[in-house]
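Q: the amino acid sequence is not available; the structure is as follows:
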Ligand SMILES: [Zn+2]
Ligand SMILES: [Zn+2]
């Protein structure tokens, strides 16, 4: 009885499990915290470590790409099959800050394997999910007998994701030639649950910034002047309150123009996910669900645009009271956008809307934090998405379901600059503690991810030959 | 040609001008800053100095009354005319903080006489306006040939007014027997302008406190959870925005119940005051007038109740943005009340109104800073007010007009606890720089105040005998 490719992949992975974990642990020991300026040497060390590891995996090309911030790593391994598609894998090698004093059970930069889990800062976000591709690729070669991958493979692993990827757009614009591909695979997300493997099909976009309102030139006495001059705290509150109507829909005219609504099938698939709202609320540290009327919680966080206030500050905030009319007020806002919405259009709509709503005597400034991040969405019937689902199904032996990501990320930049559909391969689960204490990765799931990666190049190449892919989906549907 | 009482008063004052100013300067040199804990010895020294000065003026009784904070001074001098009314003069001997480094032209506690003004912290607020009564009383005795005042005279000069009079209510409740009187004269306000002598007829009341809203147990990620759980910053804004309707009237049902509206005569007198709105806006450091529709600026600050937000704080307030849903929001609020409104009723209305407006999942707390301060208002036709206007008219030789005070003060406590009408005798002007740098008092006006005080006891005693006073006006009219 001959072994199947799936058996061969599993056999190879089992045989190489221990050195793979040892290597990953070595990488995790490098505290590549991009938010801490004095960690710059560690970020360089981390990038160099990864470049060396990719070379050792077989990549003929593995380079450290400097940026104005932390360096990225680029690697390339062309397939012998010239007509194969080109795939770019995206991840990041920087991590969130972590310290024992934050409440970790052990040194966050000293990986510990316990109860089938690997604990360390970056174990799931994102070193573990990047590194799984090295063993996956070797298993792919071993099981297929190939000497090169079934697709033209590129890697781009940035070093500033946890700091908001401030130089990423510039980097990929400048290096667009070398990054050219047919699809990008983002390895920096998660699945629905330990027992529910899923593929993420899109991320929301983001427009954020601040509005500063100026009233009196200094704080003034509310007994002498209050009630007779505009109060910027009141005006800020009126602005923020007017952002939503009583149905908690965003009330800026035109905000929903072009929004790609969920299809009936998508709503049904979404509703089929086993969703424990009480448990979700516990994760959200929240005590009730509240959002746009007519949509479920999952729809609200994955598929509906939002307007959120991240901070309001005005006037007195110390103990007791102080009877003043404050001089200024500051509102930090963020809009999450979905496919069909344009960042520049939302900035323009909001700018006009604010200007129209303020009374005489209140001067204001709006600042946006850059041009915003575009939403991205890969339709359920896209062939590349079907390949990913197939590879993942082979690894998990289960039906693969669909999720989306409520947050926003550089995936949209890849989609926009490179003009390709973006897929998400993630095996992390909500309990993994991203950005929190005792971050871990479930080893079973990590190796399912390795297995998925081993199949993916074969499946993608095969599906690619079956027919041409549609053009990259554009946010404006 | 025999001299008139007015001439005699003026002659006496001119003759004693120099030692009076020297004594006042000595008092002003004591830095009795109630807000600074290490000034406690200076507050005691200031109280003892005043008690001694009052004894020297002739008061048989002059005592330093300790409180849980800074001491007050009480003095009493009964009239030989047993049937005379009893009058309590109120003022304060503590001052606002002041330092050369704040921008003063000289040491704020080293009084300087220049260009007909006396510069020093407390020159106008309130030592100058308290001390004018000593010379006024001596001139009263000298001009009338009396050996005791024409009224039973009491003085209460507290030491914590600039710190919000935290122990004043307790003090006057405990000492209500000794403070019993027929009217209280507050010597701690000002007039409309140098060339427009006025009498203040009332002060607004105050209810203030904070509302704290609790949403998620900690700040949570707006991409993962935003738009699906309540955001306390948004809810705080919706509360604050709902405080006013589009006419900028306070929108809490019942808030205006009982409000004593201005009479047609009051509106007309008010409109006749020469009011330069552009200049007022400069004083208010504001760039437009805005308030309750249908009322002028002066009506809004003197005679209309208000709801003001003194501070809102929630979420991120640093540089750039942070995509969070904040865990909590804090709103500092203050309501100014006018005659006819009850502090407890407003607290109750607001408490209920807030509770009704918050969605599930947002817990809240309301705290009030004490029971609030009642508004006070003496009707224009009150006989005691007419006496004051007459005395002031004799001193100024001009028509005396009427103002009100937009702020709130211990005057209301005197009115409520002692059950008497409160009159305001003030000669300070807006340019005197209360609570600011280079505080001063206009010496011409200070001596007009001395002259007013010299006539007042005669006029009050005379009018008192003409017929009984109405009962103390109660806020609920
Ligand atoms: Zn990540
Ligand atoms: Zn004062």
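A: Arrived safely. All figures in this text were calculated on a predicted structure; none of them were measured in a lab. Ligands and ions are numbered 1, 2, ... in the order given.
Q: work out for me the element residue A:63 sits within.
A: strand A:61-65 (DSSP states H and E).
Q: what residues of that strand count as buried?
A: Neighbour-count burial for strand A:61-65 flags A:62, A:63, A:64, A:65 (criterion: 16 or more other C-beta atoms under 10 Å in any protein chain shown). No exception for glycine: its C-beta is placed from N, CA and C like everyone else's.
Q: again, but for stretch A:84-100
A: Going by neighbour count (16+ other C-beta under 10 Å), the buried part of stretch A:84-100 is A:84-96, A:98.
Q: okay, and which of those residues map to strands?
A: A:86, A:87, A:88, A:89, A:90, A:91, A:92 (DSSP state E).
Q: and which of the residues you listed is nearest chain B?
A: Nearest to chain B among those, counting by C-beta to the nearest C-beta, is residue A:92 at 16.3 Å.
Q: surely that closest one touches residue A:162?
A: Yes: Residue A:92 lies in contact with residue A:162 (C-beta atoms under 8 Å); the separation is 7.1 Å.
Q: need the pLDDT of the residue in the stretch 251-400 of chain A that ligand 2 sits nearest to.
A: The minimum distance from the stretch 251-400 of chain A to ligand 2, using C-beta to the ion, falls at residue A:323 (14.4 Å). Each residue has a pLDDT score; the one for residue A:323 is 88.
Q: which residues of the stretch 251-400 of chain A lie near ligand 1?
A: Counting by C-beta under 5 Å from the ion, no position of the stretch 251-400 of chain A is adjacent to ligand 1.
Q: coming back round to it: need the ones in strands among the buried residues of stretch A:84-100 in JSON lines (columns: pLDDT and distance to chain B).
A: Formatted as JSON lines, those follow (pLDDT from 0 to 100; distance: C-beta to the nearest C-beta, whole Å):
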{"residue": "A:86", "pLDDT": "97", "distance to chain B": "30"}
{"residue": "A:87", "pLDDT": "97", "distance to chain B": "26"}
{"residue": "A:88", "pLDDT": "98", "distance to chain B": "23"}
{"residue": "A:89", "pLDDT": "98", "distance to chain B": "23"}
{"residue": "A:90", "pLDDT": "98", "distance to chain B": "18"}
{"residue": "A:91", "pLDDT": "98", "distance to chain B": "18"}
{"residue": "A:92", "pLDDT": "98", "distance to chain B": "16"}
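Q: got JSON lines for the buried residues of strand A:61-65, with pLDDT too?
A: Below are the buried residues of strand A:61-65 laid out as JSON lines (pLDDT from 0 to 100):
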{"residue": "A:62", "pLDDT": "98"}
{"residue": "A:63", "pLDDT": "98"}
{"residue": "A:64", "pLDDT": "98"}
{"residue": "A:65", "pLDDT": "98"}
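Q: quick one: which of those residues is nearest to chain B?
A: Closest to chain B out of those is residue A:65 (25.1 Å), distances taken as C-beta to the nearest C-beta.
Q: how about the residue nearest to residue A:17 when sequence neighbours are not counted, phi and psi?
A: Spatial nearest neighbour of residue A:17, excluding adjacent residues (C-beta to C-beta, 6 or more residues apart in numbering or on different chains): residue A:447 at 7.1 Å. Torsion angles at residue A:447 (phi, psi; degrees, to the nearest 10) stand at phi -80, psi -30.
Q: got the contact list for residue A:447?
A: Counting by C-beta atoms under 8 Å, 6 or more residues apart in numbering or on different chains, residue A:447 makes contact with A:13, A:17, A:132.
Q: swap in residue A:29?
A: Taking C-beta under 8 Å, 6+ apart, we find residue A:29 in contact with A:109, A:110, A:111.
Q: can you rerun that using 6 Å?
A: Going by C-beta atoms under 6 Å, 6 or more residues apart in numbering or on different chains, residue A:29 touches residue A:109.
Q: likewise the one 3 residues further on?
A: Residue A:32 makes contacts with A:42, A:43, A:46, A:93, A:94, A:95, as judged by C-beta under 6 Å, 6+ apart.
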